[in-house]
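Visitor: Quick one: sequence and predicted model below, then my questions.
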Amino acid sequence: MDISTEIQKLKQDGLTVRIQHERATPTAVKVALAVRGNTSRKLEQPEVIPTFELKQKGLPVSPFSGRTTVRILEDDQLIAKGVAICSPRDNFVKRVGLAKALGRALADLRREC
């Protein structure tokens, strides 16, 4: 899927696309990994904050963990949403998160139609 093309198509259809990347601080990621310990249960997700807020506050941004949310709106009303969550053990890559979240939002949009 070409992300730019898909977003452009949605905009041509009169829809608004909102993208939000959220990240954790290094401390939050360490806490989430410590909670898990050495067991095989699911990882605890650290608290994530919009990336621009972390930068505005001068807080460090962890290269691990994160969340990308894509919202599709029509006349300021939410009609579809997709979320991609990155594990505290994986590097956060905006493009990958955006592709996954957009794909999920498009699937949600098709279900709504």
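Guide: In hand now; what should we look at?

Visitor: residues in contact with residue 64?
Guide: Residue 64 makes contact with 24, 29, 86, 87, 88, 89, 90, 91, 92 under the criterion CB atoms under 8 Å, 6 or more residues apart in numbering. From N, CA and C alone the C-beta is placed, and that goes for glycine too.

Visitor: Next: residue 97.
Guide: 21, 66, 67, 68, 84, 86.

Visitor: Run a quick check on residue 22 versus residue 47, I expect a contact.
Guide: No - counting by CB atoms under 8 Å, residue 22 does not reach residue 47; the two are 9.3 Å apart.

Visitor: quick one, which of those two is more surrounded?
Guide: residue 22 (22 against 12; other CB atoms under 10 Å).

Visitor: can you give me the helices for this structure?
Guide: 3-12, 26-36, 51-56, 94-112 (DSSP state H).

Visitor: do you know how far the residue nearest the centre of the chain is from residue 12?
Guide: Compute the mean C-alpha point of the chain, and by CA atoms, centre = their mean the closest residue is residue 68, 0.9 Å away. In this view, residue 68 and residue 12 are 23 Å apart by CB to CB, to the nearest Å.

Visitor: Check residue 59 too.
Guide: From residue 59 to residue 12 the distance is 38 Å (CB to CB).

Visitor: More neighbours: the two, which one.
Guide: Neighbours of residue 59 and residue 12, each counted by other CB under 10 Å, are more numerous for residue 59; the result is 16 against 8.
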